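Visitor: Quick one, what's the 3D model for this:
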Amino acid sequence: MSTAVDTEQVYAVAAAVFAAMIDGDEGLLTPWYGDLPLVEEPLSAWVDLHGELPGRAALVCEAATAHDLTRALLMMEADEEVDDQDLVDAFGEIANVVGGNVKSLLPVQDTLGLPEVAHGHPPAAEGHVAQELRLSWRGQLIVVTIWLVG
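Guide: Model prediction:
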């Protein structure tokens, strides 16, 4: 059984999630071109895929970008302070929806874990990196990584 995840499909998932949940418009999430900047204050959100084809879907970005995503998702003012609970809820929900849509691309539909959010990079997942997409949201780097076992 193939566990390949197509880059174009994962990009389409991420673009659709950002258009529907965050931006209300398509085209604001694009591929990242050029050198990658150093992520100095990484914040990660991920969900684990359980079942016959286990894996993980994770998003990593600067903490400041996660705050901007939270403001956009919660329709807050650009200068409004984001508290920790809103940050965890919003950034985790974005990972949850991306992960759920990625799960739908797999040949076997199993369960999705609860979203987790942490400072730094996500803990190492079992398996191999099936896809790593480097994306630009309003000029800010977001890396979407999909791990699969098998």
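Visitor: so where do the strands sit in the chain?
Guide: Assigned by DSSP state E, the chain shows strands spanning 29-31, 42-50, 55-62, 111-112, 116-119, 128-137, 140-148.
Visitor: tell me the mean pLDDT for the fourth one?
Guide: The average pLDDT within strand 111-112 is 92.
Visitor: tell me what that strand is packed against?
Guide: Applying 3 or more Cβ pairs under 8 Å, 6 or more residues apart in numbering; DSSP states H and E, we find strand 111-112 packed against strand 42-50, helix 84-103. All C-beta spots, glycine's among them, are computed from the backbone N, C-alpha and C.
Visitor: closest one to R138 among those?
Guide: Comparison of those against R138 by Cβ to Cβ identifies helix 84-103 as nearest, at 14.2 Å.
Visitor: Quick one: residues in contact with that closest one.
Guide: Helix 84-103 has contacts (Cβ atoms under 8 Å, 6 or more residues apart in numbering) with 5, 10, 13-14, 16-17, 21-22, 43, 45-47, 49, 56-59, 66-67, 69-70, 73-74, 109-110, 112, 114-117, 144, 146.
Visitor: quick one: contacts for the most centrally placed residue in the chain?
Guide: Centroid-nearest residue in the chain, with Cα atoms, centre = their mean: L59, separated by 3.3 Å. Shown in contact with L59 (Cβ under 8 Å, 6+ apart): S44, A45, W46, F91, I94, A95, V98, I142, V143, V144.
Visitor: Fine by me, we can end here.
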